[in-house]
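Trainee: Compute the structure for the input listed below.
(one chain, ligands or ions: 1)
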Amino acid sequence: MNMLKIYGRSDSSNSAKVYWLLDEIGQTYDRIDCGGKFGGNDQPAYLAMNPNGKVPTVVDGDVVVWESNAILRYIASRHKAVSLWPEDAAGRAAIDMWMDWSATTLTPPLGRLRKALKAGEDFATAPVFAAFQLLDTHLEGSRYIAGNQFSIADIAAGANIHRWTLLLLEKPELKNIAAYHQRLLERPAFVSRIAQSLS
Ligand SMILES: N[C@@H](CCC(=O)N[C@@H](CS)C(=O)NCC(=O)O)C(=O)O
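Mentor: Numbering: from 1, shown residues only. Take a look at the predicted model:
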């Protein structure tokens, strides 16, 4: 098997998801610092791999994968991590729908809110509160996002969960999210890749 090459940076949430998964499954990889202060992601050689000029990008021999959630699925399939990404269609769908939900409904409004807070601009809390409220309700009685088993749906959402706890503004108390965050903090790979790496 080729050694995976990961272009990314540890303070990027989308890169951190990939490092977290690789640590969870005990796989080593070559890390190439890229993006942010490292630059390189606007260079023609990088853009030829990933025309978005974003990180992360994974190179596995001749295979190039970008979009962090697609990378999570690729790595979990490649290493047959079936407890995190099962092989049956229904099991996958239960995880996949929440991964897409994280990418489309949870991450973008939270990103906009964090950016506005940092810039001291007006911000919209309603879409962020609505998404976290929905997740809190969903987590009632479940240990993890796709049921009682930890999966790549949790890795896709985990950085957002952590950043919710760091948000310095008046926000609803969401007891299931708080308990879920504590559960994630029991995982060493979450602590090192997310809690200690992201602000
Ligand atoms: N939807 C993409 C988003 C990728 C993205 O926005 N990456 C950010 C870092 S989290 C980035 O590349 N920013 C520019 C940079 O790091 O130079 C994914 O999930 O991979």
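Trainee: drop to CA atoms for contacts and neighbour counts, all remaining ones
Mentor: Will do.
Trainee: Tell me the strands beside the one helix or strand Ile6 maps to, with direction?
Mentor: Following DSSP states H and E, one finds Ile6 within strand 5-8. In the sheet, strand 5-8 lines up against strand 30-33 (parallel), strand 57-60 (antiparallel) (DSSP bridges).
Trainee: In the first one, which residues are buried?
Mentor: By that I understand strand 30-33. Asp33 (16 or more other CA atoms under 10 Å).
Trainee: when you give positions from now on, start the count at 43
Mentor: New numbering, starting at 43: the last item is strand 72-75.
Trainee: Of the strands paired with strand 47-50, which is nearest the ligand?
Mentor: The ligand lies closest to strand 99-102 among the strands paired with strand 47-50, at 7.7 Å (CA to the nearest ligand atom).
Trainee: if you average pLDDT over the closest one, what comes out?
Mentor: Mean pLDDT, computed over strand 99-102, is 98.
Trainee: what's the next secondary structure element after that strand?
Mentor: Counting by DSSP H and E, what follows strand 99-102 is strand 105-108.
Trainee: Tell me which helix or strand comes right after that following strand.
Mentor: Moving toward the C-terminus from strand 105-108, the next helix or strand (DSSP H and E) is helix 110-120.
Trainee: mind giving me JSON lines with the strands paired with strand 47-50 and columns for distance to the ligand?
Mentor: Formatted as JSON lines, these follow (distance: least, CA to the nearest ligand atom, whole Å):
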{"stretch": "strand 72-75", "distance to the ligand": "10"}
{"stretch": "strand 99-102", "distance to the ligand": "8"}
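Trainee: okay, those strands in a markdown table with distance to Gln191 next?
Mentor: Output for those, formatted as a markdown table (distance: least, CA to CA, whole Å):
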| stretch | distance to Gln191 |
| --- | --- |
| strand 72-75 | 29 |
| strand 99-102 | 26 |
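Trainee: what's the closest of those strands to Leu208?
Mentor: strand 72-75 (25.4 Å; CA to CA).
Trainee: can you list contacts of the closest one?
Mentor: Residues outside strand 72-75 that contact it (CA atoms under 8 Å, 6 or more residues apart in numbering): Met45, Leu46, Lys47, Ile48, Tyr49, Gly50, Arg51.
Trainee: which of the residues you listed are buried?
Mentor: Buried members of the contacts of strand 72-75, scored by 16+ other CA under 10 Å, are Leu46, Lys47, Ile48, Tyr49, Gly50, Arg51.
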